[in-house]
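# Below is the sequence, then the predicted model.
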Amino acid sequence: MAKSIMIQGTMSNAGKSLLAAGLCRIFAQDGYRTVPFKSQNMALNSYITAEGLEMGRAQVMQAEAAGAAPSVLMNPILLKPTSDVGSQVIVNGKVLGNMNARDYFAFKKQLIPDIMEAYHKLEETADLIVIEGAGSPAEINLKQDDIVNMGMAKMADAPVLLVGDIDRGGVFAQLYGTLMLLEEEERARIKGMIINKFRGDKSILDPGIAMLEEKTGIPVAGVVPYMYLSVEDEDSLSERLHPHNQQKQDLIDLAVIRFPHISNFTDFSVFERLSGVAVRYVEHTAQLRKPDMILLPGSKNTIGDLKWMRQNGLEAAIRKFAEDGVVFGICGGYQMLGERIEDPCGIEEGESIRGMELLPIQTVLQEEKTTAQVKGRFSEIQGVFSCLAGMEFYGYEIHMGESRQLTAGGTAGAGQTLGYLQRAREEERISEGIYTEHVYGSYVHGIFDAPGIAEQIVAALAEKKGIRWNMEEVPDYAAFKEQQYDNLAETLRAHLDMDFIYSIINDQR
């Protein structure tokens, strides 16, 4: 049976996902069959497995770091917020339904058999399971019937490393306060602490570390520096979305609209590795400026986010920009670009709403979710992105709506088919996406990830701008991510006491 170690944090965004990924990489490098696990994940960034099942992208990232194929067993429960008080509940990769927070809190204990069945199946083939918690274990209003922090540690009988975020200040209070709010049995499970995101001279911390260890009786297993890595983030807490990271100026400027219910913003991470390219996340018209391309990402509430753009002026600004500028929508963003979105089943807000009228499509939201991995090829595209003609792409679909092309063209005029694809486990080849002169739309998450596609898009935008972008020799996106995981593991080996961490793993019964 596999051994385990669990990473819990003093708060959300303390760095649990990244540290878990780094440990996955280290254990895999050391020859152990390693897999990640998170019993319950709340995030709008999701992924579709080869079987067509939906899971959180954080565990996909961790599985990649471990050299393991992503499996829904690694994340049996996924909550995708649809509003401030409700979420779509996905169990074992399939939609169970929508629940408000109070109903789910009363219901979640019934999911323990699903959690433990997934965990035990991973135990059958793994040597080590790296478990990630969620938020903080010291949320005293939520501790009853916990299934993701100390409740999960108890069910798996896992030792815990507690992570504090020094970058946001008060790290000693974070760690000590968390420990003091735990029950004695829970405290006993915490074998070590980690101070994360440190900048500066570690010797300055030493007196505080000594006092913390004296007061708690628990050793600090390491002080991890603030890492400048390009790995996929879990959700909308991502630091790359924060306004203070939006000031970068480069040759090619890509503006991503940050919807309130933004999902799968990792679709645009591939551009961040290219020199001379800035990827900015925009919430207001004042932030939009004059980008080279506007990207509309996925959304868990397409109608609500379209209304939000309509109210704050972004819709009007994008429509004006599209007269000569390039706009590309993915999934929910693609639906918004159409003539109309209808919701007869009440999937989102139960109404019909005018779209942005930039693409000749009409979307009907449906109860059945489309989830599939896909492979395809761009059609003989004309215009700005003619360079993509015939190139192969891959990715996955996750959408509740079906869009049909309006043959008469509608307000947006006539459109052309963007490409053709084949869904996994299906033989039929189908058309995918629509484009007009400057506006493009697709349902495929990850459509920019295949080798050469992001580079060709940037080169085309540079040519349209009248400048030359040097397409430097860069590794493809998959190789780039592998190098990032290696860099992560190297940093953690240098700053964590791995002998100590292995000792607490090996002390398990």
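Okay, I see it. Residues are numbered from 1 along each chain as shown.
# State the helix or strand in which Val256 lies.
Applying DSSP states H and E as the criterion places Val256 in strand 252-257.
# Outside of that strand itself, list whatever touches it.
265, 268, 271, 276-283, 287-297, 309, 314, 318, 333, 458, 461-462, 465, 469 (Cβ atoms under 8 Å, 6 or more residues apart in numbering). No exception for glycine: its C-beta is placed from N, CA and C like everyone else's.
# Now with 7 Å, please.
Residues from elsewhere that reach strand 252-257 (Cβ atoms under 7 Å, 6 or more residues apart in numbering): 265, 268, 271, 276-282, 288, 291-297, 314, 458, 461-462, 469.
# What is the subsequent helix or strand relative to it?
Remark: after strand 252-257, the chain's next helix or strand is strand 262-263, criterion DSSP H and E.
# and that next one, what does it pack onto?
strand 298-299 (3 or more Cβ pairs under 7 Å, 6 or more residues apart in numbering; DSSP states H and E).
# I'd like to know which elements the strand it packs on is packed against.
The helices and strands touching strand 298-299, judged by 3+ Cβ pairs under 7 Å, 6+ apart, are strand 262-263, helix 332-336.
# what is the rounded mean pLDDT of the shortest one?
Yep, that's strand 262-263 we're talking about. Summarised as a single mean, pLDDT over strand 262-263 is 92.
# Over to the last one?
Helix 332-336 carries an average pLDDT of 97.
# State the next helix or strand along the chain beyond it.
Scanning forward in sequence from helix 332-336, with DSSP H and E defining helices and strands, the next element found is strand 340-342.
# Show me what counts as buried in the helix or strand following that following strand.
Secondary structure here is assigned by DSSP H and E; on that basis, the next helix or strand after strand 340-342 toward the C-terminus is strand 352-354. Neighbour-count burial for strand 352-354, counted by 16 or more other Cβ atoms under 10 Å, picks out Ile353.
# Packing partners of strand 352-354?
Other helices and strands packing on strand 352-354, by 3+ Cβ pairs under 7 Å, 6+ apart, are strand 340-342.
# For Val89, which non-adjacent residue is closest in space?
Once flanking residues are discounted, Val89 sits nearest to Leu96: 4.5 Å by Cβ to Cβ, 6 or more residues apart in numbering.
# Confirm that the one you found sits in a strand.
Yes: assigned with DSSP: H, G, I helix; E, B strand; the rest coil, Leu96 falls within a strand.
# Just to check, it is in contact with Ser87?
No: with contact defined as Cβ atoms under 7 Å, Leu96 and Ser87 do not form a contacting pair (10.5 Å).
# more crowded one of those two?
Just comparing Leu96 and Ser87: by other Cβ atoms under 10 Å the higher neighbour count belongs to Ser87, 19 against 15.
# any idea how far the more buried one lies from Leu142?
Summarising the geometry, the distance separating Ser87 from Leu142, computed by Cβ to Cβ, to the nearest Å, is 15 Å.
# Nearest spatial neighbour of Ile341, chain-adjacent residues omitted?
Thr363 (4.7 Å).
# Toward the C-terminus from the helix or strand where the one you found lies, list the very next helix or strand.
For Thr363, the element it lies in under DSSP H and E is strand 361-378. Of the helices and strands lying after strand 361-378 in sequence (DSSP H and E), the nearest is strand 392-405.
# Which helix runs longest in this protein?
Longest helix in the chain by number of residues, with DSSP state H as the criterion: helix 477-495.
# quick one: low-confidence ranges for the stretch 251-400 of the chain?
With pLDDT under 70 as the threshold, the stretch 251-400 of the chain has no low-confidence stretch at all.
# what's the answer for the chain, then?
For the chain, residues meeting the criterion pLDDT under 70 lie at 233-249, 408-410, 412, 509.
# just the helices in the stretch 1-150 of the chain please.
Counting by DSSP state H, counting those that start in this stretch, one finds helices in the stretch 1-150 of the chain at the ranges 16-29, 57-66, 101-107, 112-123, 150-156.
# Tabulate the ones you listed (a markdown table), appending distance to Tyr502 and mean neighbour count.
Formatted as a markdown table, the helices of the stretch 1-150 of the chain follow (distance: least, Cβ to Cβ, whole Å; neighbours: other Cβ atoms under 10 Å):
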| stretch | distance to Tyr502 | mean neighbour count |
| --- | --- | --- |
| helix 16-29 | 9 | 26 |
| helix 57-66 | 16 | 27 |
| helix 101-107 | 37 | 13 |
| helix 112-123 | 19 | 16 |
| helix 150-156 | 18 | 21 |
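# one step back: roughly how far is the strand holding Val256 from the heart of the chain?
The gap between where strand 252-257 is centred and where its chain is centred comes out at 18 Å by Cα atoms, centre = their mean, to the nearest Å.
# For it, C-alpha coordinates in PDB please.
Taking Å, rounded to 0.1, in the frame of the first residue of the first chain, the C-alpha atoms of strand 252-257 are listed here in PDB:
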ATOM      1  CA  ILE A 252       2.900  42.300 -28.600                       C
ATOM      2  CA  ASP A 253       0.200  43.100 -26.100                       C
ATOM      3  CA  LEU A 254      -2.500  40.500 -25.400                       C
ATOM      4  CA  ALA A 255      -5.500  41.600 -23.200                       C
ATOM      5  CA  VAL A 256      -7.500  38.900 -21.600                       C
ATOM      6  CA  ILE A 257     -10.900  39.900 -20.200                       C
END
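# Which neighbours in the sheet does it have, and how are they oriented?
The strands beside strand 252-257 in its sheet (DSSP bridges) come out as strand 277-282 (parallel), strand 293-296 (parallel).
# Distance to Pro225 added to the ones you listed, as a markdown table?
A markdown table is the format used below for the strands paired with strand 252-257 (distance: least, Cβ to Cβ, whole Å):
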| stretch | distance to Pro225 |
| --- | --- |
| strand 277-282 | 24 |
| strand 293-296 | 31 |
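# In a markdown table: these, plus distance to Gln422 and mean neighbour count.
Output for the strands paired with strand 252-257, formatted as a markdown table (distance: least, Cβ to Cβ, whole Å; neighbours: other Cβ under 10 Å):
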| stretch | distance to Gln422 | mean neighbour count |
| --- | --- | --- |
| strand 277-282 | 30 | 22 |
| strand 293-296 | 25 | 26 |
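# And the helices of the stretch 1-150 of the chain: which comes nearest Pro36?
Nearest to Pro36 among the helices of the stretch 1-150 of the chain is helix 57-66 (3.5 Å), distances taken as Cβ to Cβ.
# roughly how far is that closest one from the heart of the chain?
How far helix 57-66 lies from its chain's middle: 11 Å, per Cα atoms, centre = their mean.
# same for it, what does it pack against?
For helix 57-66, the elements it packs on are helix 16-29, strand 34-37, strand 46-48, helix 477-495, judged by 3+ Cβ pairs under 7 Å, 6+ apart.
# That one vs helix 477-495, what angle?
Taking axes from the mean of the first three to the mean of the last three Cα atoms, to 10 degrees, one finds helix 57-66 and helix 477-495 inclined to each other by 80 degrees.
# So what's the residue count around Glu455?
Glu455 is surrounded by 20 other residues when neighbours are defined as other Cβ under 10 Å.
# ok, now how distant is it from Ile381?
Relative to Ile381, Glu455 is positioned 16 Å away (criterion: Cβ to Cβ).
# Over to Leu212: give its phi and psi.
Backbone geometry at Leu212, expressed as degrees, to the nearest 10, gives phi -60, psi -40.
# now it, nearest residue through space, not along the chain?
Once its chain neighbours are removed from consideration, Leu212 has its nearest residue in Phe172; the separation is 5.5 Å (Cβ to Cβ, 6+ apart).
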